[in-house]
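> how would this look folded up:
(chains A and B)
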There are 2 protein chains.
Amino acid sequence: MMRTRPLKVALLGCGVVGSEVARIMTTHADDLAARIGAPVELAGVAVRRPDKVREGIPAELITTDATALVKRGDIDVVVEVIGGVEPARTLITTAFEHGASVVSANKALLAQDGTSLYASADQHGQDLYYEAAVAGAIPLIRPLRESLAGDKINRVMGIVNGTTNFILDRMDTNGAGYSEALDEATALGYAEADPTADVEGFDAAAKAAILAGIAFHTRVRLDDVYREGMTEVTAADFASAKRMGCTIKLLAICERSADGESVTARVHPAMIPLSHPLASVREAYNAVFVEAEAAGRLMFYGPGAGGSPTASAVLGDLVAVCRNKLNEATGPGESAYTQLPVSPMGDVVTRYHISLDVADKPGVLAQVATVFAEHGVSIDTVRQQGKDGEASLVVVTHRAPDAALSGTVEALRKLDTVRGVASIMRVEGE
Amino acid sequence: MMRTRPLKVALLGCGVVGSEVARIMTTHADDLAARIGAPVELAGVAVRRPDKVREGIPAELITTDATALVKRGDIDVVVEVIGGVEPARTLITTAFEHGASVVSANKALLAQDGTSLYASADQHGQDLYYEAAVAGAIPLIRPLRESLAGDKINRVMGIVNGTTNFILDRMDTNGAGYSEALDEATALGYAEADPTADVEGFDAAAKAAILAGIAFHTRVRLDDVYREGMTEVTAADFASAKRMGCTIKLLAICERSADGESVTARVHPAMIPLSHPLASVREAYNAVFVEAEAAGRLMFYGPGAGGSPTASAVLGDLVAVCRNKLNEATGPGESAYTQLPVSPMGDVVTRYHISLDVADKPGVLAQVATVFAEHGVSIDTVRQQGKDGEASLVVVTHRAPDAALSGTVEALRKLDTVRGVASIMRVEGE
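Prediction:
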């Protein structure tokens, strides 16, 4: 039963993702029509540079006036792949006001303004879908929002940035230093000219905010996410990790507290055991590990970025939103009913791997151990290694609140016998 | 905006899965109501043994008359966790006729009669959801049907039976033989008293039929699935696999042919490289690897069975179906528009690992190689090992149609110098 009047789609942005969305919409038009129950038509493409040659896109569809396009009144779905906060935000709300649903791949905008965008979609009876915003082609938003809707998610822990995973994987495999591995990532197109958003964890933090909100049915703002980049991870850290049977990954971790009354979200490098499924995620792949009360431990793995994978996620959403349009219904909206507060990093319970440069003389270990005890932090293992009057002391703690652990480190720095703190790394996944 | 009249749910079956569904519906009632937008009420539970004590389920809800329960007329959703073909099939169609949508975990029934059940659901404007039927709690049906609805899936390859994965994992790890590993699986409750459905691949074949139908938007019947069990996998096979850098898994493989004009579905043990993500799936876990044109390579991993994980999948579907009820809409139905034919096993392109016992004399390899050449099968590697006039010859082929490969093996058996074919195993995932 095929409706013959096509659903009209406006595409905002025609870069790597947008051009791939347009290409698939054209080459796979019959498949999309069969799966939706009506044909879909590319009704307009808003771009910044109208004179660029865009293969397969008729020139008459190209416009530089994105606002006029979303205001046309005959658009059923707006696909926003511009990125950034403005003008994307205004265009999306304008689309809702003019009766269009929106598919977006814009993690920065959703992390910052998800709540107001949801409210606008809801007010105008439109859909807001954004599978492509987190972990590219990996189906993640829909499984969390829908497949696990009858379960209680306790933890989401993942590798959600391909650039940094590529760099860390190279450091692990080749023993490369950070800047050498970054150079390789840049040369291969995995890292941008300015890699700050990736290597400082901003990109992963935006995704953590989105994931935490969905997983715990509450609102998590970008500012709520604790963030540490991975630019200070060294070859020595990897050597330490190997001795512990671990590797190092930049992780986004969203957790429900033990009492269930609050949640936390954070991004930082961490050691994880080689036996953990996330440890074997190589190159620029992404993977997200989910722990739910009834379902147990799940993992979702795939390419986290790139034109084609991101386009796949956008098109999956486009099919769903178009089906909803035909049904005159909308999919699940924002679910923030639990209103759980977000706790600060100090409340997170984790483990530290601390590497200290110390004086090689009797009594140092006793001094150090006393500091840990004074902060209520229990030690799991200590490894001492001495040479030429200098020694290193590697301490791995048991689980303790991050505030107690960081307090311990501060106190250790003040000891005369501690020459320096060579590295601190959290240990996760055990 | 919460509707106050509850949605009424009838539960058919109250075994391991059903009792967990009932428990979560009770203990998490507020969460489910918030996520659905209306409360859900357990309105009746059909069981075979009414006198059994069922903690947390009020006695007045228990009935032995499942037919009367689904015919009551006030039931919004029927959850079918009885399993088997009858009476499940009749109860499900009766539910549709009486205005109820259905959530089912019944892989055998869906593999056999999915098409007629879909038609019945469609005719009566009801939903049929069955995430729990394949790979337990792992969100798989929804990602394939919805997240990848804008993509073209070329292959689905997975470990979809936890019992056999547990047995093979034990054989791999401990060097145990099949029957020893089966005994351990039975003792630990991973294998049933009669393990036939698992070890002979019937369970996996039902799942393969369901997955192939969804992935390729066509109809794949249980009879269309080629099936080989794993009872003849030996410790020697694992030793051979190790020498090749492989392990052995029982795989369900659904593929689109190279020309895109047909599909295949099969279940058999196969060697896969240790570097493949499926190789590291241990114990009774399941994982499904999906290759799509735009999305690339995805993997979904988690517990494939058990009361709680299966209940999680059932409840996710329950939430979706209830939301659809409130929207007076239905979710995506069967999509079989491509009408792609299912090709026989002989057309599948694969590789063989063949281990032959041969006479240890000159000219044997030339004879054997001639047989491969006559069948158009190209040899990748040969390994010879001789002792006491006997020798073994291990041949790994390049990719060829299964018919040519099996024809080669038949011809090899007829050679005087071939004392026996010690093992044949397909090689996948490269």
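
> every contact and neighbour count from this point should use C-alpha atoms.
Will do.

> quick one: the helices in the stretch 1-150 of chain A?
All helices of the stretch 1-150 of chain A, identified by DSSP state H, counting those that start in this stretch, fall at A:16-27, A:29-36, A:66-70, A:88-97, A:107-123, A:141-142.

> so what's the spatially closest residue to residue A:165 that is not a sequence neighbour up against?
Computed as Cα to Cα, 6 or more residues apart in numbering or on different chains, the closest residue to residue A:165 that is not its neighbour in sequence is residue A:284, at 5.6 Å. Residue A:284 sits next to A:161-166, A:190, A:303-304 when contact means Cα atoms under 8 Å, 6 or more residues apart in numbering or on different chains.

> low-confidence ranges in chain A?
Applying pLDDT under 70 to chain A flags the ranges A:1-3.

> ignoring the adjacent residues along the chain, who's closest to the spatially most central residue of chain A?
Among the residues of chain A, the one closest to the centroid is residue A:207, at 3.3 Å (Cα atoms, centre = their mean). The shortest distance from residue A:207 to any non-neighbouring residue, by Cα to Cα, 6+ apart, is to residue A:134 (5.7 Å).

> correct me, but the one you found touches residue A:205?
No - Residue A:134 is not in contact with residue A:205 according to Cα atoms under 8 Å; the separation is 10.7 Å.

> if we can go back for a sec, okay if I get the helices of the stretch 1-150 of chain A as JSON lines plus mean neighbour count and distance to chain B?
Formatted as JSON lines, the helices of the stretch 1-150 of chain A follow (neighbours: other Cα atoms under 10 Å in any protein chain shown; distance: least, Cα to the nearest Cα, whole Å):
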{"stretch": "helix A:16-27", "mean neighbour count": "19", "distance to chain B": "8"}
{"stretch": "helix A:29-36", "mean neighbour count": "20", "distance to chain B": "6"}
{"stretch": "helix A:66-70", "mean neighbour count": "21", "distance to chain B": "23"}
{"stretch": "helix A:88-97", "mean neighbour count": "21", "distance to chain B": "20"}
{"stretch": "helix A:107-123", "mean neighbour count": "19", "distance to chain B": "12"}
{"stretch": "helix A:141-142", "mean neighbour count": "22", "distance to chain B": "7"}
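
> nearest to residue A:197, out of those?
Nearest of those to residue A:197, taken as Cα to Cα: helix A:107-123 at 10.6 Å.

> now the closest one, how far from the chain's geometric center?
17 Å (Cα atoms, centre = their mean, to the nearest Å).

> and if you look at stretch A:339-356?
18 Å.

> and it, how far apart are its ends?
41 Å (Cα to Cα, to the nearest Å).

> again with stretch A:73-91
13 Å.

> could you do stretch A:138-151 as well?
20 Å.

> got a list of contacts for it?
Contacts of stretch A:138-151 (Cα under 8 Å, 6+ apart): A:130-131, A:134, A:211, A:214-215, A:292-295, A:300-304, A:313, A:332, B:32, B:35, B:139, B:142-143, B:147-148, B:295, B:298, B:312-320.

> buried only: go through the residues you listed for me.
Buried by 16 or more other Cα atoms under 10 Å in any protein chain shown: A:130-131, A:134, A:211, A:214-215, A:292, A:294-295, A:300-304, A:313, A:332, B:32, B:35, B:139, B:142-143, B:147-148, B:295, B:298, B:312-320, out of those.

> anything in stretch A:218-238 near chain B?
No - using Cα under 8 Å from any Cα of the partner chain, stretch A:218-238 stays clear of chain B, coming no nearer than 11.9 Å.
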